[in-house]
Structures are given as C-alpha cells and as structure tokens.
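> turn this into a model:
(one chain, ligands or ions: 2)
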Amino acid sequence: MKSSPVSKYRPFPSVNLPERQWPNRTLERAPTWCSVDLRDGNQALAQPMNVAEKIEFFELLVAIGFKEIEVGFPSASQIEFDFIRRLIDENRIPADVSIQILCQCREDLITRSLEALQGAKNVIFHLYNSTSPAQRRYVFNAERADIVKIATHAVAFLKEHARPLIAAGTRVRLEYSPESFTSTELDFSLEICEAVTDVWQPSAENKIILNLPATVEYATPNVHADQIEWMCTHLTRRDLTVVSLHTHNDRGTGVAATELALLAGADRVEGTLFGNGERTGNLDIVIVALNLLTHGIDPGLDFSDLNHIRETYERCTRMDVPARQPYAGELVFTAFSGSHQDAIKKSWEKQQPDAPWDVLYIPLDPADIGRSYKAIIRINSQSGKGGVAYILEKEFGLVLPKAMHKEIGKLVNDLADNLKTELTPEQIHEAFLDEYIRRAAPLALGEFLALARGHEVTCQAELFWNGERRLISGVGNGPVAAFVHALGTADLPPFKLLSYTQHSLEQGEESRAVSYVEVKTADGRNCFGAGIDENIERAPLKALVSALNRTLASKS
Ligand SMILES: CC(=O)SCCNC(=O)CCNC(=O)[C@H](O)C(C)(C)COP(=O)(O)OP(=O)(O)OC[C@H]1O[C@@H](n2cnc3c(N)ncnc32)[C@H](O)[C@@H]1OP(=O)(O)O
Ligand SMILES: CC(C)C(=O)C(=O)O
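Ligands and ions are numbered 1, 2, ... in the order given. As a prediction, this is how the structure comes out:
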C-alpha cells in the first residue's frame, strides 16, 4: 500500500488575536469594488483578450457600476499599453471611474506605465513586490530590509516621476500590495506597509490603498480574517488607509475569506466576474455582491441582466461559467427533485409582491438578476407531481385539479424512467395530450345536441365505439348530467362522475376551454379525463369520454 503523503504538509499557523472582534460583527454596507478582470483575470487566460474584446469588457464593467477597474499591466506588453491608450485617447473612461494599472517595483516599468497613463483623469498606480519568506528566499534571494527597500524605492521613484502627470491634471492614487501577504509574517507586512506609507504620505483626500492579497489561498477563512483584523488594528495611519482584499480560491473558500475579512475591517474588494483568474481563480465578485443583496444590502453593482453579463464574459474570455456557479450557473434556479419542486410551487404561490422574499430553496428572486422563472423546475424520474403540475400550468396554462396531480405525476415519472433522461416541458405537454386529449378509442364523441327546457336538459349524442356509430340520449339538470345518463344506456361498464372542473385556455374570443373530470368505476378505480374544445359545452363531454377511454384501456 502507498504511504500517505500527509507528512509532506504543515499546519498553517494561526494568529494570536484573543480579542478578535470580527466574529461578533455583521455586514452592513457594501465595500468599494475593484474589478481586476482585465489584469489578473486576463493574465490567466490561455488566449488573453484582444484590444476589441478588452474594450467591450471594460464597457461591460462600467455598465455594471465598477468605479475602480484594473485595466492591465501596461509595461508588460504592447497590447496592454495600446488598450490603455485607446481608453484614454478615445475618451472611453467615465469621469467617476478610476483606471488602475499594475506594475512591478522597477524604474523602467514605472516609467513606461506613466507613459501609458498620460491624459487620464483618475488613476490608481498599483505597485507590488512579494514579501513572504519563501519568495524572499527563492525569488529575490534577499533579506527583509532589501525587500522593504525595493518597495520604498519604487514608491519614491513613482512619487517623483508622477509629478508631471499630476501637474497636467491627473489624480494619482497609490495602491501598494505586499504580494503573498497571507504567507508573510504579520510584523513584516506591517513594517513594509508602514514604510511605503511613510514615503507616499497619504492625506484624507488622497488615501493610500494597502491591498493585502491572499495570492495563494493556504488557510481557512477565519485565519484570513484574523490577519486582516490584525493589520487594521496595527496600521498607524488607518484613517488615511483604504484596506483592500484580493483573495484567490485555491482552497475553494475565496468568497468566505473575503466576507469574513470584510467583517474584520477591510474597506475594499478586488476580484473578477465569475472568479476568473490564476489557477482556481480570483474572488468571484458577482457572488459576494449578490450575497449582500440577499441580506438586504445594496451592493452598488447592477447584475440585473446577469445572462447578458455571462454571455459577454464567456465570449470575451472563452471561459465557461459552470452550471452550479452560484447565481449565474445554468442550473442554480432549477429544482429536479419532487419535494423541492412541491415546496417551491407552494411558497411561490404565497409570495406577495412587496413582502420579504420567502420562496423556499431559492435564496434570491431570479427576476432580480434577469433570470427566467421558466427554467426553475425540470423533470426527471426523481421529480414529483408538484413539478409536473407546475410545468403544465406555467408553460401551457393547464391548471389541473389537485386530485389529478398524483395521476399525471406518475405518468410523467414512468416516462422519464423509461427514457432514462430529463424531460423537456414540451415532452411533458405531449405526454399529457397523448394520454388525455388525443385518445379517440375505443370511444369517440361525434355530434352532440342539447335542448334545455326549464331546469331540465335533454341531449342526443353520436358516440363511436370501436368505430361503430351509436345514437344515445339522456336527460339531466345540465348537458354533462344529461350526457352521463345517455352514456348509461350505451352498455358501457358502469361508472360514477365524481367531479368536473373547467377553465379557459387562452384569453379573448378565440379562447378554448379545458375540462377535467374524475370518474369512479364499479370495481373502485378512480380515473381522470381531460378535454379541450372551442365550445365550452363540448369540453367536459370530451373529458368524460377521455376518462372512460382510460378506464377501458386500463381494464385488465
Ligand atoms: C500575483 C500576480 O499576479 S503579480 C502579477 C503577475 N503578472 C505578470 O507577471 C504579467 C506581466 N508580467 C510580465 O510581462 C513580465 O513579468 C514583465 C514584463 C513585467 C517583466 O519581465 P522580465 O523582467 O523579463 O521578467 P520577470 O518578470 O520574470 O522578472 C523577474 C525579475 O524581476 C524581479 N521581480 C519580480 N517581481 C518583482 C516586483 N514586483 N518588483 C520588483 N522586482 C520584481 C524578480 O526578482 C526577477 O529578478 P532577477 O532578474 O534579478 O532574478
Ligand atoms: C499583484 C497582486 C495583488 C496579485 O495579483 C496577487 O497577489 O494575487
């Protein structure tokens, strides 16, 4: 047997924070959002976006409501540089939107980045260098002091060389990221952030953004929250600092890490649409924003047409949004199993337009993000009668009596079992029509004439039994009762009409009626029938014939 690899790994150190406050807090407002789709998301694509795609994506981000957008790494490639120039030269950046660019702490790269930014109104210049012990050891081969120097030198260089840009009217803010923050000793992260802040000298009007990335997610979300709270409570100029989060998703808990770190005091969140980004991705901003919405907090981002956002994202990035992705996935407003379908139908019927959202199994009204009610219930062999009735009602206007649900539910269930597949609404509708409406044997109704005299109705009906024509007549207190009595003279096995209901199928003059009847046979079987006709008098008669045909077909 292979030995377990567990001895290769180490526990992640916890943070000594006995007075931690975040577990007792609740979220009350949305953070400042920054999209890094066009940088961190884009750098992780097998085929990065071209300039036209980046422009389309940028416009999508603006339409969603992002006010801070990291547009690229202009010193890294000509495409990145040209894209940023086009945004500025073609006046595509709204006055209230800041573009953010990323740059290593290197003079040549800073100079090139400043060139890219000429003429922009609002800029966030994002400098980073990595700080963790492993990065210091393997990548930089440097001690702590040298790492601090890389950062402070770059900030001083930027401060000096951004003067002409600022003089020409560009508002320049600094964002500094100690990359690999969550793997760095907290005292060292604090030291380097303080040193950078000393050089930049932020003010109340121009705060410094200290972005504390979980470059790789190694720890549980509570440890991340502790790290952020520790920084928030130790930074000496917290009032002049915007504390920003940038989580990745290596353990699958990027959303949780962000939410807990917001409780821990962070002000700002970087992430991408649908979590695109290096390896397992960046934080999915759509999820965090819509999670806030479902708690009654306005996220300040507009996801009211999520299908369009997803379509643009998939086309530009050539990535797919998985079917189970919260809010955006194809299947997330879909219930397959019977008990869920039943509960959804019942609670949805009770949902009042202005009341707090209380529909079971669906934490957010799909309409709020432009998604359709239609796809909510899908039918397979695990589905129940409630779901089938829901589909027939919502998709085809057939309001089956409650007592009929069991029968049609079993019919559709057996069909799904036989076909070993999910059934589309059309297949369910066809099954209903075949079973109830199109059945014309052994009995079929021909002409029908009813004459009312006072409270008494006399009918004459043309009935075909296995193709053989019979004329029958009967008397009753209405056409249906008269027809029942007429059928009683036709040598059919005895039956009793238990109930019948009827509703119109469409609105207006051309509307048809649909009737449902339930009969009981002499051997104790209950059976439903249904009939559709333009003539509201004929619909229940057809329903009765349908029920009798079904009792005759199922007779052993
Ligand atoms: C966590 C993140 O996502 S960070 C962003 C990552 N994104 C990218 O890297 C995409 C864009 N980058 C690039 O195109 C290139 O890396 C460039 C153009 C920026 C730089 O290219 P190059 O200089 O040719 O290569 P490279 O990035 O490998 O540079 C490595 C050198 O920079 C140093 N370095 C790496 N990061 C930084 C930094 N943030 N600040 C200063 N120096 C750095 C390394 O120590 C190494 O130094 P050495 O040559 O003395 O060993
Ligand atoms: C540059 C930084 C913020 C980054 O992308 C990361 O650490 O993941």
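
> contacts and neighbour counts: CA atoms only from here.
OK.

> buried residues in the helix or strand harbouring residue 448?
Residue 448 belongs to strand 443-453 when assigned by DSSP states H and E. The neighbour-count criterion (16 or more other Cα atoms under 10 Å) identifies 443, 444, 445, 448, 450 as the buried residues of strand 443-453.

> so residue 242 sits in a strand?
Yes - remark: residue 242 belongs to a strand, assigned using DSSP: H, G, I helix; E, B strand; the rest coil.

> tell me how many other residues surround it.
Burial of residue 242 is recorded as 20 neighbouring residues (other Cα atoms under 10 Å).

> need the contact list for the residue nearest to it when sequence neighbours are not counted.
For residue 242, the nearest residue in space outside its immediate sequence neighbours is residue 209; the separation is 4.6 Å by Cα to Cα, 6 or more residues apart in numbering. The neighbours of residue 209, taking Cα atoms under 8 Å, 6 or more residues apart in numbering as the test, are 173, 174, 175, 176, 241, 242, 243, 244.

> could you measure the third one against ligand 2, distance?
Counting by Cα to the nearest ligand atom, to the nearest Å, the gap between residue 175 and ligand 2 amounts to 9 Å.

> and whichever strand or helix holds that residue, how far from the chain's centre?
Taking DSSP H and E as the criterion, the element that holds residue 175 is strand 171-179. Between the mean C-alpha point of strand 171-179 and the mean C-alpha point of its chain there is a distance of 32 Å (Cα atoms, centre = their mean, to the nearest Å).

> next structured bit after that strand?
Moving toward the C-terminus from strand 171-179, the first helix or strand encountered (DSSP H and E) is helix 186-200.

> just the CA atoms of the helix or strand just after that following helix, as PDB, please.
Scanning the chain past helix 186-200 towards its C-terminal end, the next helix or strand to appear is strand 208-214 (assignment: DSSP H and E). Extracted C-alpha coordinates of strand 208-214, given in PDB (Å, rounded to 0.1, in the frame of the first residue of the first chain):
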ATOM      1  CA  ILE A 208      -3.200  55.100   0.300                       C
ATOM      2  CA  ILE A 209      -4.700  51.800  -0.700                       C
ATOM      3  CA  LEU A 210      -3.000  48.900   1.000                       C
ATOM      4  CA  ASN A 211      -4.000  45.700  -0.800                       C
ATOM      5  CA  LEU A 212      -3.400  42.600   1.300                       C
ATOM      6  CA  PRO A 213      -3.600  39.700  -1.100                       C
ATOM      7  CA  ALA A 214      -4.200  36.000  -0.500                       C
END
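
> thinking again about what came up before, list the helices and strands the strand holding residue 175 packs on?
Applying 3 or more Cα pairs under 8 Å, 6 or more residues apart in numbering; DSSP states H and E, one finds that strand 171-179 contacts strand 122-130, helix 186-200, strand 208-214.

> give me the nearest residue to the closest residue to ligand 2 within the stretch 351-500 of the chain, chain neighbours excluded.
Residue nearest to ligand 2 within the stretch 351-500 of the chain (Cα to the nearest ligand atom): residue 369, separated by 28.8 Å. What sits nearest to residue 369 in space, not counting adjacent residues and going by Cα to Cα, 6+ apart, is residue 304, at 3.9 Å.

> dump stretch 171-181 to PDB, restricted to CA.
Included here for stretch 171-181 are C-alpha records, laid out as PDB according to Å, rounded to 0.1, in the frame of the first residue of the first chain:
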ATOM      1  CA  ARG A 171      -5.400  62.500 -10.000                       C
ATOM      2  CA  VAL A 172      -3.000  59.800  -9.000                       C
ATOM      3  CA  ARG A 173      -3.600  57.400  -6.100                       C
ATOM      4  CA  LEU A 174      -1.200  54.700  -4.900                       C
ATOM      5  CA  GLU A 175      -2.100  51.100  -4.300                       C
ATOM      6  CA  TYR A 176       0.600  49.000  -2.700                       C
ATOM      7  CA  SER A 177       0.400  45.200  -2.500                       C
ATOM      8  CA  PRO A 178       2.800  43.100  -0.400                       C
ATOM      9  CA  GLU A 179       2.200  40.200  -2.700                       C
ATOM     10  CA  SER A 180       1.900  36.900  -0.800                       C
ATOM     11  CA  PHE A 181       0.700  38.800   2.200                       C
END
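
> ok, residues contacting that stretch?
Outside stretch 171-181, the residues that reach it (Cα under 8 Å, 6+ apart) are 121-132, 162, 166, 189, 192-193, 196, 200, 206-216.

> for PyMOL, what selects the buried ones among the residues you listed?
In PyMOL syntax, the buried subset of the contacts of stretch 171-181 is picked out as below (16+ other Cα under 10 Å):
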select buried, resi 121+122+123+124+125+126+127+128+129+130+131+132+162+166+189+192+193+196+200+207+208+209+210+211+212+213+214+215+216
